[in-house]
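Asks: I would like the atomic coordinates for the input below:
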Amino acid sequence: MGEVEQRTTAGSRLGVQENAGISTLEHGQKMPTTPTGKLISIKVQMLDDAQEAFEVPQRAPGKVLLDAVCTHLNLVEGDYFGLEYLDHKKIMVWLDLLKPIVKQIRRPKHVILKFVVKFFPPDHAQLQEELTRYLFALQVKQDLAQGRLTCNDTSAALLISHIVQSEIGDFDETIDREHLAKNKYIPQQEALEDKIMEFHRNHIGQTPAESDFQLLEIARRLEMYGIRLHPAKDREGTKINLAVAHTGILVFQGHTKINAFNWAKVRKLSFKRKRFLIKLRPDANSSFQDTLEFLMASRDFCKAFWKICVEHHAFFRLFEEPKPKPKPVLFTRGSSFRFSGRTQKQVLDYVKEGGHKKVQFERKHSKIHSIRSLTAKPSEQHSEVPKQSCSFTYGDGADSPAVQSCRQGKELKVSVEDGGHHMSPSLKKSPEKEGRRLDGAVMEAMEEEEEVAKDRSQHSRSQTQQPSTGSLTGSPHLSELSINSQGGPAMTNATLSPNLSPDNRQASPLVSPLMNDQTGVRTDDEEEVRRKRFPTDKAYFIAKEVSTTERTYLKDLEVITSWFQSTVSKEDCMPEALKNLIFSNFEPLHKFHTNFLKEIEQRLALWEGRSNAHLKGDYQRIGDVMLKNIQNMKQLTVHLRKHTEVLVELENGIKNSRKLETLCRDFELQKVCYLPLNTFLLRPLHRLMHYKQIMERLCKHYPPNHVDFRDSRAALAEISEAVAQLHSSMLKMENFQKLHELKKDLIGIDNLVIPGREFIRLGSLSKLSGKGLQQRMFFLFNDVLLYTSRGLTASNQFKVHGQLPLYGMMIEESEEEWGVPHCFTLRGQHQSIVVAASSRTEMDKWTEDIQMAIDLAENCNGPTPEFLGGSPPDTKSPEESTVDQESEDDLNASRTSLERQAPHRGNTTVHVCWHRNTSVSMVDFSIAVENQLSGNLLRKFKNSNGWQKLWVVFTNFCMFFYKSHQDNHPLASLPLLGYSLTIPSESENIHKDYVFKLHFKSHVYYFRAESEYTFERWMEVIRSATSPASRIHVLSHEESHAY
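Replies: Have a look, this model is predicted:
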């Protein structure tokens, strides 16, 4: 009778003293006076699904209730959390911390508020308290169960395995099966149970705190981490979803992110009735402003989303809480809503400075007690971050290295026999904490689905949008599409929707001009009529390929003769001799091919019967036109032979003149320069190969007695002779061009381009180190292997971490030794590294090419000297700004490295390989040069109706999309490395001829050609990009490229 029954609360379950009383206020701040009067009881549902009742004064603002919950839990970092509830209009809204509760909730006694995570930081290492990370882990668990955190089966199984480890401890098959049978962490969990237990087996010895950390490490890389979708429509009525994150405002089609508006690009957010408006900052090269408009279900929905956007911006971007606006004397206009509470910077500073005691608490469902290691002094600010067994790059990809877990405490030892050196890095269990600027410009967490377009938008100069089309794009589907401009608006994955909106484009906020023009839409009936009207002979379509590719080639020549020449003429930075060398060799080519294209199009017009139909029978051939022009092309050979000199002299000019370097760099950032500038200088040589291939197909098609066979065979002989004469020079120049292109992607190299050096392969591999498997970018040359990491810098380049000379190197398969799939060891004379590929195929490609390069190096006279200049040692702590490091590099680096500190394109092949976790060889680049194609295609998305006509150019492993062939620059691009090329199945209900399908993860696109020949040609060239060559390109020492 003497005992008093104690009510179980969330705090008591966590082992917290009810009167701990830790304040969440800044030092020197006073607790706001709590309104007196009648108390009301409000129920709050915690993250562990328990409900607690809190009594607060009737007139108390929302902050009083939130503070009461945080105090009850003894939660120091409560600013990341909020209270949400379903209002009387059935809209889920956040409790306003400044307004009285009774003015927000009509019947508080009958409403249950949910205590949930509101702000998801870019790096969970910023969460200093174990309790905070535990609550975040509960939020991830809740989102998984409710289907809001979507991911593939591998990532889901790995997430659940860490949850199970934190709840029941080390793996035991019987206990695991019982626990999984009683607890459902994800829909259709039964199919994943074996995989969950397989992963759980690798977590032996991992504490609950470590499991929470690993869980958040995986979750933060998923595209849907921390995302709450808000239904909306664009101007064209396309259904999309809006969301807000620490980076800015995101646009989704279903669960696929198709666009992003970075805070740095957003000038103003507003709403008018049910229209949500985003005003973007004007482009540096334009005076107009873009305002994006989205339509939401109602004004209340719109206002709720606007408020959460305002709060996210303030929390992540401001240094302190915004001050309230002065009240107007007479009239009020607009909402007085503002963010209330501490910003993330204030939270971080407060926790670092606070001296809290360690408090023991219990976890729900967990058998293991945990200690909250609260920071005692500023010097120990990161002692709270748990140690982790391995640091992997987790993601949605099927080949994600997430499956390669390592047991805690295991040491990796790589011994090097020569010289007795040993390298034994232990697996340190503390994650890297990358310094991030709190102004938000660099505060980006790389998500698994983050695409190339996002890199470009965040780190490159934005390009001017077309004023006539009105607004930026995005569009529901082509999430891999990126606006071609070398720097685009701050947004990600774009798309061509049924109302096409590539990544950084316009018209509707999600609809680019490409789809805004209704004349670009062709109905199926119109297409059928058109097909019946035109010839069906294969020779006609071969001739038409000459025409379509010639149009693109002429546009490429104009990049030099018109656009680049105009830019150079405005600036006095290029020597007259260099000007004359470049333009005197390109202008005759442009003039000749302009006339050539006219002849081709005239012949096609006759062939199609559009003019002089009575002469049609005499003009159903193309060989005579080709023969005439190829013979006339001989007089241009003197200009073609000078292209080598043009390329070399331009690079030398860039090296010796900072003004010219800046001019060329800025020109590459223009939309019209959709490829590296030096690539356009090699286009005339590449075009000769295209003529040769076309004539080969034409001769193969014609029977010997065909009227056009003789001219076609003569034209083939002529062009084959020209290609043979220039082939050796072209190979050397392609290697030279590739080395200079790679130089722009790398930091820490003084002299990458040297005589005799040949590029062989580049790609992404995981390097095994003391911190686990870490993604690295590898570059293989005929004398050295470089490995780099992608830096969080404005230049978006790769920093060289090390180099391994190939002379004396050995390759050993080491999957069994390290227990990592597709793993092999590279043993050099002074250093050894262990790397893992994403698949067996990738591993074979790398080992074959590396072995070939080693054999070539062995045939040399001895070890290759150190060609590469190192960067200044990285002695800064992770908290120091990246910008400071860049300034230091700029002062100490060589002349040629200055260009790398400027804005840089993020859509290069190197970046695509990094994101798609694949590799490309010089053989692939050579094949890509041969496999270029242009023409009209009809495009359809997975969930769209009807087909849309686009002008498509395929080159450099990428599809570029135009509204018509007359456009000067592409509206969007789709890198194809990593994509799969197939034919639609019956279940997809396409029911059209000549349709091929491109898909990567959840991104699916259908393209429809006009004939069997064009269908086969598109399949052929795209397959060259989606299935890179695996054969070895044997480079003999005698064929070394000297220049």
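Asks: any weak-confidence spans in the stretch 701-850 of the chain?
Replies: 791-795 (pLDDT under 70).
Asks: please enumerate the helices of it.
Replies: Using DSSP state H, counting those that start in this stretch, the helices found in the stretch 701-850 of the chain span residues 709-745, 815-818, 840-858.
Asks: quick one: buried residues of the first one?
Replies: Residues of helix 709-745 classed as buried under the neighbour-count rule (16 or more other Cβ atoms under 10 Å) are 709, 711-716, 718-719, 722-723, 726, 730-745. Where you see a C-beta, it was placed from the backbone N, CA and C, and this is true even at glycine.
Asks: just to revisit the earlier point, which of the helices of the stretch 701-850 of the chain sits closest to residue 941?
Replies: Set against residue 941 and scored by Cβ to Cβ, those come closest in helix 840-858, at 29.3 Å.
Asks: quick check: residue 838 touching residue 917?
Replies: Yes: contact criterion Cβ atoms under 8 Å: residue 838 and residue 917 qualify, at 4.6 Å.
Asks: what's residue 346 in contact with, if anything?
Replies: 26, 79, 319-321 (Cβ atoms under 8 Å, 6 or more residues apart in numbering).
Asks: any idea which of the residues you listed is closest to residue 783?
Replies: Closest approach between those and residue 783, by Cβ to Cβ: residue 319, at 49.7 Å.
Asks: leaving out sequence neighbours, find the closest residue to the closest one.
Replies: Leaving out its chain neighbours, the residue that sits closest to residue 319 by Cβ to Cβ, 6 or more residues apart in numbering is residue 345, at 5.3 Å.
Asks: now do the one you found against residue 317, distance only.
Replies: Counting by Cβ to Cβ, to the nearest Å, the separation of residue 345 from residue 317 is 9 Å.
Asks: same question, residue 601
Replies: In terms of Cβ to Cβ, residue 601 sits 54 Å off from residue 317.
Asks: which of those two has more neighbours?
Replies: Set residue 601 next to residue 317 and count neighbours by other Cβ atoms under 10 Å: residue 317 wins out with 19 against 15.
Asks: ok, the closest residue to residue 145 other than its chain neighbours - contacts?
Replies: Sequence neighbours aside, residue 185 is the residue nearest to residue 145 in space, at 6.0 Å (criterion: Cβ to Cβ, 6+ apart). With contacts defined as Cβ under 8 Å, 6+ apart, residue 185 is in contact with 141, 144-145, 160, 163.
Asks: can we see that at 6 Å?
Replies: Each residue near residue 185 by Cβ atoms under 6 Å, 6 or more residues apart in numbering is listed here: 144-145, 160.
Asks: quick check: mean pLDDT of stretch 143-161?
Replies: Taken as a whole, stretch 143-161 has a mean pLDDT of 91.
Asks: what's the end-to-end length of that stretch?
Replies: End-to-end distance for stretch 143-161: 16 Å, by Cα to Cα, to the nearest Å.
Asks: just stretch 992-1007 next, same as before
Replies: Stretch 992-1007 has an end-to-end distance of 10 Å (criterion: Cα to Cα).
Asks: for the record, mean pLDDT for that stretch?
Replies: 91.
Asks: which parts of it are buried?
Replies: For stretch 992-1007, the neighbour count (16+ other Cβ under 10 Å) marks 994-998, 1000-1007 as buried.
Asks: the bottom helix or strand of the chain by mean pLDDT?
Replies: Lowest mean confidence among the helices and strands of the chain (mean pLDDT, DSSP states H and E): helix 882-892, at a mean of 31.
Asks: part of a strand, is residue 41?
Replies: Yes: read with DSSP: H, G, I helix; E, B strand; the rest coil, residue 41 is one of the residues of a strand.
Asks: show me the shaky parts of the stretch 451-600 of the chain.
Replies: For the stretch 451-600 of the chain, the stretches with pLDDT under 70 are 451-535.
Asks: please enumerate the strands of the stretch 151-300 of the chain.
Replies: Using DSSP state E, counting those that start in this stretch, the strands found in the stretch 151-300 of the chain span residues 230-233, 239-244, 248-253, 256-262, 266-272, 275-280, 291-295.
Asks: sheet-wise, list the partners of the fourth one with their directions.
Replies: So the one you mean is strand 256-262. Using DSSP bridges, the strands paired with strand 256-262 are strand 248-253 (antiparallel).
Asks: how near is residue 345 to residue 121?
Replies: 11 Å.
Asks: now do the SS call for the nearest residue to residue 672 once chain neighbours are set aside.
Replies: Closest residue to residue 672 apart from its sequence neighbours, by Cβ to Cβ, 6+ apart: residue 969 at 4.6 Å. Recorded secondary structure, residue 969: coil (three-state DSSP).
Asks: equivalent analysis for the one 5 residues further on, please.
Replies: Here residue 974 takes the strand state, with states given by three-state DSSP.
Asks: could you find the closest non-adjacent residue to it?
Replies: Leaving aside its sequence neighbours, residue 974 sits nearest to residue 959 (Cβ to Cβ, 6+ apart; 4.5 Å).
Asks: and the pLDDT for the one you found?
Replies: Reading off the model, residue 959 has pLDDT 93.
Asks: gap between it and residue 221?
Replies: As judged by Cβ to Cβ, residue 959 and residue 221 stand 27 Å apart.
Asks: one more: residue 768?
Replies: 19 Å.
Asks: cool, residue 258 as well?
Replies: Distance from residue 258 to residue 221, by Cβ to Cβ: 19 Å.
Asks: and the two? Which one has more around it.
Replies: Set residue 258 next to residue 221 and count neighbours by other Cβ under 10 Å: residue 258 wins out with 33 against 23.
Asks: so that one sits right up against residue 251, yeah?
Replies: Yes: using Cβ atoms under 6 Å, residue 258 is in contact with residue 251, at 5.5 Å.
Asks: rewinding a little: show me how to select, in ChimeraX, the buried members of the contacts of residue 185.
Replies: Only the buried entries of the contacts of residue 185 go into this ChimeraX selection, using 16+ other Cβ under 10 Å:
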select :144,160
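Asks: in helices, which of the contacts of residue 185 fall?
Replies: 144-145, 160 (DSSP state H).
Asks: any idea which of those is closest to residue 1011?
Replies: Closest approach between the ones in helices among the contacts of residue 185 and residue 1011, by Cβ to Cβ: residue 144, at 48.4 Å.
Asks: list the contacts for that closest one?
Replies: Applying Cβ under 6 Å, 6+ apart to residue 144 gives the contacts 185-186.
Asks: look up how far residue 972 lies from it.
Replies: 34 Å.
Asks: circling back: residue 345 and residue 121: which has the busier surroundings?
Replies: Neighbours were counted for residue 345 and for residue 121 using other Cβ under 10 Å; residue 121 has more, 24 against 16.
Asks: do you know how far the more buried one is from residue 731?
Replies: Distance of residue 121 to residue 731, given as Cβ to Cβ: 50 Å.
Asks: now residue 175. Nearest residue, chain neighbours left out?
Replies: In space, residue 175 comes closest to residue 168 once its chain neighbours are excluded; the distance is 6.0 Å by Cβ to Cβ, 6+ apart.
Asks: pLDDT score for that neighbour?
Replies: At residue 168, the model reports a pLDDT of 90.
Asks: ok, now the one 4 residues further on?
Replies: Listed pLDDT for residue 172 reads 90.
Asks: and it, how many neighbours?
Replies: When neighbours are defined as other Cβ under 10 Å, residue 172 has 14 of them.
Asks: cool, and residue 80?
Replies: For residue 80, the neighbour count with other Cβ under 10 Å is 20.
Asks: same check on residue 106?
Replies: Count around residue 106 with other Cβ under 10 Å applied: 10.
Asks: just residue 767 next, same as before
Replies: Using other Cβ under 10 Å: residue 767 sits among 19 other residues.
Asks: cool, and residue 293?
Replies: Applying other Cβ under 10 Å, we find 16 residues neighbouring residue 293.
Asks: go ahead and confirm residue 619 touches residue 606.
Replies: Yes: with contact defined as Cβ under 6 Å, residue 619 reaches residue 606; the gap is 3.9 Å.
Asks: picking that back up, roughly how far apart are the residue nearest to residue 145 and residue 151?
Replies: 12 Å.
Asks: need the contact list for residue 765.
Replies: The contact partners of residue 765, taken as Cβ under 6 Å, 6+ apart, are 776, 778, 835, 837.
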